[in-house]
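[1] A predicted structure for the sequence below; I have some questions about it.
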Amino acid sequence: MSSLDELFVTQEIATQPDCWRRAADLAPHAPGLPTAGEKVAVIGCGTSWFIAMAYAALREQAGLGWTDAFTATELPPGRAYDRVVAISRSGTTTEVAAALAALPPGTGKTAITAVMDTPIAAGADQTVDLTFADEQSVVQTRFATTALALLRASLGEDLARVVADGALAVAAPLPASWVQAPQAAFLGRGWTIGLAQEAALKMREASLSLTEAYPAMDYRHGPIALAEPGRLVWMFGPPPAGLAAQVTATGAEWIESSLDPMADLIRAQRLAVARGVARGLDPDHPRHLTRSVILDRAA
(Lines give C-alpha, C1' and ligand atoms only; values in the text may rest on other atoms or scores of the structure.)
Protein backbone atom coordinates (compact mmCIF):
# COMPACT_ATOMS: atom_id res chain seq x y z
CA MET A 1 0.00 0.00 0.00
CA SER A 2 1.41 3.40 -1.01
CA SER A 3 1.60 6.25 1.47
CA LEU A 4 -0.73 9.22 1.09
CA ASP A 5 1.95 11.38 -0.55
CA GLU A 6 2.92 8.66 -3.04
CA LEU A 7 -0.56 8.26 -4.50
CA PHE A 8 -1.29 9.58 -7.98
CA VAL A 9 -4.58 10.98 -6.76
CA THR A 10 -2.86 13.04 -4.06
CA GLN A 11 -0.63 14.66 -6.66
CA GLU A 12 -3.56 15.19 -9.03
CA ILE A 13 -5.65 16.87 -6.35
CA ALA A 14 -2.79 19.25 -5.57
CA THR A 15 -2.39 20.39 -9.18
CA GLN A 16 -6.02 21.46 -9.61
CA PRO A 17 -5.51 25.22 -9.14
CA ASP A 18 -2.91 25.27 -11.93
CA CYS A 19 -5.23 23.27 -14.18
CA TRP A 20 -8.08 25.69 -13.49
CA ARG A 21 -5.88 28.61 -14.50
CA ARG A 22 -5.07 26.87 -17.79
CA ALA A 23 -8.74 26.11 -18.37
CA ALA A 24 -9.69 29.74 -17.82
CA ASP A 25 -7.11 30.80 -20.40
CA LEU A 26 -8.42 28.17 -22.83
CA ALA A 27 -12.11 29.00 -22.48
CA PRO A 28 -12.29 31.98 -24.88
CA HIS A 29 -10.77 29.85 -27.66
CA ALA A 30 -12.31 26.46 -26.88
CA PRO A 31 -14.42 25.10 -29.76
CA GLY A 32 -18.06 24.19 -29.47
CA LEU A 33 -18.94 25.60 -26.06
CA PRO A 34 -22.58 26.70 -25.78
CA THR A 35 -23.45 30.23 -26.84
CA ALA A 36 -26.12 32.46 -25.31
CA GLY A 37 -29.62 31.39 -26.21
CA GLU A 38 -28.85 27.83 -27.25
CA LYS A 39 -30.98 25.08 -25.73
CA VAL A 40 -28.37 22.75 -24.28
CA ALA A 41 -28.12 19.32 -22.68
CA VAL A 42 -24.96 18.24 -20.89
CA ILE A 43 -24.32 14.52 -20.45
CA GLY A 44 -21.84 12.32 -18.66
CA CYS A 45 -21.65 9.36 -16.31
CA GLY A 46 -20.75 9.35 -12.63
CA THR A 47 -18.47 12.26 -11.84
CA SER A 48 -19.01 13.81 -15.26
CA TRP A 49 -22.77 13.82 -14.71
CA PHE A 50 -22.35 15.70 -11.43
CA ILE A 51 -20.16 18.27 -13.15
CA ALA A 52 -22.85 18.58 -15.82
CA MET A 53 -25.41 19.26 -13.07
CA ALA A 54 -23.30 22.07 -11.64
CA TYR A 55 -22.74 23.71 -15.03
CA ALA A 56 -26.39 23.42 -16.05
CA ALA A 57 -27.50 25.25 -12.91
CA LEU A 58 -24.86 27.96 -13.37
CA ARG A 59 -25.72 28.55 -17.03
CA GLU A 60 -29.42 28.92 -16.31
CA GLN A 61 -28.65 31.12 -13.30
CA ALA A 62 -26.64 33.36 -15.64
CA GLY A 63 -29.65 33.69 -17.94
CA LEU A 64 -27.83 32.18 -20.92
CA GLY A 65 -30.40 29.59 -21.91
CA TRP A 66 -32.25 26.38 -21.10
CA THR A 67 -29.71 23.86 -19.83
CA ASP A 68 -30.41 20.29 -18.75
CA ALA A 69 -28.04 17.70 -17.29
CA PHE A 70 -28.47 13.95 -17.66
CA THR A 71 -26.59 10.79 -17.02
CA ALA A 72 -26.02 9.64 -20.60
CA THR A 73 -28.56 6.81 -20.70
CA GLU A 74 -31.37 9.12 -19.54
CA LEU A 75 -31.13 11.79 -22.24
CA PRO A 76 -34.78 12.00 -23.41
CA PRO A 77 -34.87 10.70 -26.98
CA GLY A 78 -37.72 12.96 -28.11
CA ARG A 79 -36.46 16.26 -26.72
CA ALA A 80 -34.77 18.65 -29.16
CA TYR A 81 -31.61 20.51 -28.23
CA ASP A 82 -29.47 22.95 -30.18
CA ARG A 83 -26.35 21.43 -28.65
CA VAL A 84 -25.37 18.45 -26.52
CA VAL A 85 -22.14 18.67 -24.56
CA ALA A 86 -20.58 15.34 -23.57
CA ILE A 87 -18.08 15.21 -20.71
CA SER A 88 -15.82 12.14 -20.55
CA ARG A 89 -12.29 11.95 -19.19
CA SER A 90 -11.41 8.78 -21.11
CA GLY A 91 -13.42 9.48 -24.24
CA THR A 92 -14.46 5.82 -24.26
CA THR A 93 -17.51 5.63 -21.96
CA THR A 94 -19.96 3.43 -23.83
CA GLU A 95 -23.16 5.16 -22.73
CA VAL A 96 -21.87 8.62 -23.69
CA ALA A 97 -20.68 7.49 -27.12
CA ALA A 98 -24.05 5.84 -27.75
CA ALA A 99 -25.97 8.95 -26.71
CA LEU A 100 -23.99 11.12 -29.11
CA ALA A 101 -24.52 8.66 -31.95
CA ALA A 102 -28.28 8.65 -31.36
CA LEU A 103 -28.77 12.43 -31.59
CA PRO A 104 -30.96 13.70 -34.41
CA PRO A 105 -29.33 15.39 -37.41
CA GLY A 106 -28.67 19.06 -36.88
CA THR A 107 -27.87 18.78 -33.18
CA GLY A 108 -24.51 20.35 -32.32
CA LYS A 109 -22.26 17.84 -30.56
CA THR A 110 -19.37 18.95 -28.35
CA ALA A 111 -17.04 16.66 -26.41
CA ILE A 112 -14.88 17.67 -23.46
CA THR A 113 -12.27 14.98 -22.91
CA ALA A 114 -8.70 14.28 -21.87
CA VAL A 115 -8.03 11.76 -24.65
CA MET A 116 -8.52 12.85 -28.24
CA ASP A 117 -8.23 9.67 -30.34
CA THR A 118 -11.37 8.06 -28.91
CA PRO A 119 -14.96 7.20 -29.91
CA ILE A 120 -16.45 10.18 -28.09
CA ALA A 121 -14.06 12.67 -29.68
CA ALA A 122 -14.73 11.08 -33.07
CA GLY A 123 -18.50 11.24 -32.50
CA ALA A 124 -18.52 14.96 -31.75
CA ASP A 125 -18.53 17.87 -34.17
CA GLN A 126 -16.09 19.79 -31.97
CA THR A 127 -13.85 18.66 -29.14
CA VAL A 128 -12.23 20.52 -26.26
CA ASP A 129 -8.85 18.97 -25.44
CA LEU A 130 -8.13 18.80 -21.70
CA THR A 131 -5.21 16.40 -22.03
CA PHE A 132 -3.27 18.53 -19.53
CA ALA A 133 -5.81 17.54 -16.84
CA ASP A 134 -5.73 13.79 -17.51
CA GLU A 135 -5.08 11.47 -14.57
CA GLN A 136 -3.42 8.18 -13.71
CA SER A 137 -5.68 7.44 -10.76
CA VAL A 138 -8.93 5.65 -11.47
CA VAL A 139 -10.59 8.18 -9.14
CA GLN A 140 -11.38 11.42 -10.97
CA THR A 141 -10.48 14.71 -9.35
CA ARG A 142 -8.66 17.27 -11.47
CA PHE A 143 -10.19 16.41 -14.86
CA ALA A 144 -13.69 16.91 -13.51
CA THR A 145 -13.01 20.21 -11.78
CA THR A 146 -10.95 21.46 -14.73
CA ALA A 147 -13.90 20.77 -17.03
CA LEU A 148 -16.09 22.77 -14.66
CA ALA A 149 -13.50 25.56 -14.50
CA LEU A 150 -13.53 25.71 -18.31
CA LEU A 151 -17.32 25.86 -18.38
CA ARG A 152 -17.50 28.47 -15.61
CA ALA A 153 -15.00 30.64 -17.45
CA SER A 154 -17.06 30.26 -20.63
CA LEU A 155 -19.98 31.83 -18.73
CA GLY A 156 -17.86 34.92 -18.11
CA GLU A 157 -16.75 34.13 -14.58
CA ASP A 158 -13.40 35.47 -13.40
CA LEU A 159 -11.69 32.46 -11.82
CA ALA A 160 -8.84 34.35 -10.12
CA ARG A 161 -10.41 34.02 -6.68
CA VAL A 162 -11.42 30.40 -7.36
CA VAL A 163 -7.81 29.52 -8.20
CA ALA A 164 -6.54 31.30 -5.08
CA ASP A 165 -9.10 29.51 -2.92
CA GLY A 166 -8.07 26.21 -4.51
CA ALA A 167 -4.49 26.76 -3.37
CA LEU A 168 -5.76 27.40 0.16
CA ALA A 169 -7.82 24.21 0.08
CA VAL A 170 -4.82 22.15 -1.04
CA ALA A 171 -2.84 23.34 2.00
CA ALA A 172 -5.61 23.38 4.62
CA PRO A 173 -5.24 20.91 7.51
CA LEU A 174 -7.74 18.06 7.75
CA PRO A 175 -8.92 17.53 11.34
CA ALA A 176 -8.52 13.99 12.65
CA SER A 177 -12.21 13.97 13.58
CA TRP A 178 -13.12 14.27 9.91
CA VAL A 179 -10.89 11.36 8.88
CA GLN A 180 -12.30 9.20 11.67
CA ALA A 181 -15.97 10.08 11.09
CA PRO A 182 -17.95 6.94 10.16
CA GLN A 183 -20.53 8.79 8.05
CA ALA A 184 -20.90 12.08 6.20
CA ALA A 185 -23.72 13.89 4.43
CA PHE A 186 -22.89 16.50 1.78
CA LEU A 187 -25.35 19.30 1.05
CA GLY A 188 -25.68 21.85 -1.74
CA ARG A 189 -28.01 24.46 -3.19
CA GLY A 190 -28.43 25.27 -6.86
CA TRP A 191 -25.19 24.55 -8.69
CA THR A 192 -23.50 23.12 -5.62
CA ILE A 193 -25.91 20.17 -5.45
CA GLY A 194 -23.73 18.60 -8.16
CA LEU A 195 -20.63 19.25 -6.04
CA ALA A 196 -22.28 17.61 -3.03
CA GLN A 197 -23.06 14.54 -5.13
CA GLU A 198 -19.47 14.45 -6.36
CA ALA A 199 -18.04 14.75 -2.83
CA ALA A 200 -20.16 11.82 -1.69
CA LEU A 201 -19.05 9.75 -4.68
CA LYS A 202 -15.39 10.43 -3.88
CA MET A 203 -15.91 9.21 -0.33
CA ARG A 204 -17.57 6.03 -1.58
CA GLU A 205 -14.91 5.34 -4.21
CA ALA A 206 -11.72 6.22 -2.34
CA SER A 207 -12.62 5.07 1.18
CA LEU A 208 -15.63 2.72 0.79
CA SER A 209 -17.50 5.01 3.17
CA LEU A 210 -21.28 5.21 3.41
CA THR A 211 -22.02 8.78 2.40
CA GLU A 212 -25.01 10.70 1.13
CA ALA A 213 -25.75 13.93 -0.74
CA TYR A 214 -28.89 16.06 -0.71
CA PRO A 215 -30.25 19.45 -1.67
CA ALA A 216 -29.75 21.39 1.55
CA MET A 217 -33.41 22.38 1.94
CA ASP A 218 -34.45 18.73 1.68
CA TYR A 219 -32.03 17.50 4.34
CA ARG A 220 -34.50 18.30 7.11
CA HIS A 221 -37.17 16.15 5.42
CA GLY A 222 -35.88 12.83 6.73
CA PRO A 223 -32.10 12.52 6.25
CA ILE A 224 -31.31 14.59 9.35
CA ALA A 225 -32.49 11.57 11.37
CA LEU A 226 -29.05 10.03 10.71
CA ALA A 227 -27.16 12.99 12.24
CA GLU A 228 -25.48 12.24 15.56
CA PRO A 229 -22.19 12.83 17.38
CA GLY A 230 -19.14 11.80 15.36
CA ARG A 231 -20.84 12.22 11.98
CA LEU A 232 -20.27 15.06 9.51
CA VAL A 233 -22.69 17.32 7.68
CA TRP A 234 -20.81 19.31 5.03
CA MET A 235 -22.38 22.30 3.29
CA PHE A 236 -21.11 23.57 -0.07
CA GLY A 237 -21.81 27.30 -0.23
CA PRO A 238 -24.09 29.37 2.01
CA PRO A 239 -26.55 27.27 4.04
CA PRO A 240 -30.30 27.84 4.39
CA ALA A 241 -31.23 29.88 7.44
CA GLY A 242 -31.35 27.83 10.62
CA LEU A 243 -29.94 24.60 9.20
CA ALA A 244 -26.52 24.85 10.83
CA ALA A 245 -28.10 25.26 14.27
CA GLN A 246 -30.46 22.33 13.70
CA VAL A 247 -27.59 20.05 12.69
CA THR A 248 -25.38 21.18 15.54
CA ALA A 249 -28.18 20.39 17.97
CA THR A 250 -28.00 16.72 16.89
CA GLY A 251 -24.34 16.53 17.96
CA ALA A 252 -23.09 16.06 14.39
CA GLU A 253 -20.20 18.21 13.20
CA TRP A 254 -21.32 21.00 10.85
CA ILE A 255 -18.80 22.00 8.16
CA GLU A 256 -19.02 25.05 5.93
CA SER A 257 -16.44 27.31 4.34
CA SER A 258 -16.00 30.79 2.87
CA LEU A 259 -13.98 29.21 0.04
CA ASP A 260 -15.50 29.03 -3.42
CA PRO A 261 -17.50 25.76 -3.38
CA MET A 262 -15.40 24.23 -6.18
CA ALA A 263 -12.30 24.92 -4.13
CA ASP A 264 -13.99 23.49 -1.05
CA LEU A 265 -14.52 20.29 -3.04
CA ILE A 266 -10.72 19.86 -2.91
CA ARG A 267 -10.97 19.48 0.87
CA ALA A 268 -13.61 16.78 0.44
CA GLN A 269 -11.45 14.99 -2.14
CA ARG A 270 -8.50 15.08 0.22
CA LEU A 271 -10.65 13.77 3.05
CA ALA A 272 -11.85 10.86 0.92
CA VAL A 273 -8.28 9.87 0.06
CA ALA A 274 -6.99 10.32 3.62
CA ARG A 275 -9.82 8.19 4.98
CA GLY A 276 -9.10 5.52 2.40
CA VAL A 277 -5.44 5.37 3.38
CA ALA A 278 -6.39 5.29 7.07
CA ARG A 279 -8.53 2.23 6.32
CA GLY A 280 -5.67 0.46 4.53
CA LEU A 281 -7.14 0.91 1.04
CA ASP A 282 -5.58 1.98 -2.26
CA PRO A 283 -7.51 5.08 -3.37
CA ASP A 284 -5.78 5.03 -6.76
CA HIS A 285 -7.43 1.68 -7.55
CA PRO A 286 -10.81 1.36 -5.79
CA ARG A 287 -12.31 -2.11 -5.80
CA HIS A 288 -14.62 -3.03 -8.68
CA LEU A 289 -13.76 0.17 -10.58
CA THR A 290 -11.86 0.84 -13.82
CA ARG A 291 -10.76 4.07 -15.47
CA SER A 292 -13.60 3.86 -17.99
CA VAL A 293 -16.82 1.86 -18.21
CA ILE A 294 -16.82 0.11 -21.59
CA LEU A 295 -19.83 -2.13 -22.07
CA ASP A 296 -20.75 -4.87 -24.47
CA ARG A 297 -22.88 -3.23 -27.15
CA ALA A 298 -25.68 -5.62 -26.26
CA ALA A 299 -25.77 -4.32 -22.69
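    Structure received. Please read all numbers here as calculations on a predicted model, not as lab measurements.
[2] burial count for the residue nearest to Leu33 when sequence neighbours are not counted?
    In this structure, Leu33 finds its nearest non-sequential neighbour in Ser154, 4.6 Å apart by Cβ to Cβ, 6 or more residues apart in numbering. Backbone N, C-alpha and C define where each C-beta goes, glycine included. For Ser154, the number of neighbouring residues by other Cβ atoms under 10 Å comes to 21.
[3] contacting residues for Ser154?
    By Cβ atoms under 8 Å, 6 or more residues apart in numbering, the contact set of Ser154 is Ala27, Ala30, Leu33, Pro34.
[4] tell me the secondary structure for the third one?
    Reducing the assignment at Leu33 to three states with DSSP: H, G, I helix; E, B strand; the rest coil gives coil.
[5] what sits against it?
    So Leu33 contacts Ala27, Val85, Thr110, Val128, Leu150, Leu151, Ser154 (Cβ under 8 Å, 6+ apart).
[6] From these, pick the one nearest Asp264.
    Leu151 (17.9 Å; Cβ to Cβ).
[7] separation between the residue nearest to Leu33 and Val42?
    According to Cβ to Cβ, to the nearest Å, Ser154 stands 12 Å off from Val42.
[8] what's the answer for Val162, then?
    For Val162, the distance to Val42 - Cβ to Cβ - is 20 Å.
[9] just Asp5 next, same as before
    Applying Cβ to Cβ, the value for Asp5 to Val42 is 35 Å.
[10] the more surrounded of the two?
    Neighbours per residue (other Cβ under 10 Å) separate Asp5 from Val42, with Val42 holding more: 28 against 9.
[11] Which of the contacts of Ser154 ranks first by neighbour count?
    Highest neighbour count within the contacts of Ser154, by other Cβ under 10 Å: Pro34, with 25 neighbours.
[12] ok, Arg279 - how many residues close by?
    Neighbours of Arg279 (other Cβ under 10 Å): 13.
[13] Contact partners for it?
    Taking Cβ under 8 Å, 6+ apart as the test, what Arg279 contacts is Ser207, Leu208.
[14] same check, this time on Ala171
    Listed by Cβ under 8 Å, 6+ apart, the contact set of Ala171 is empty.
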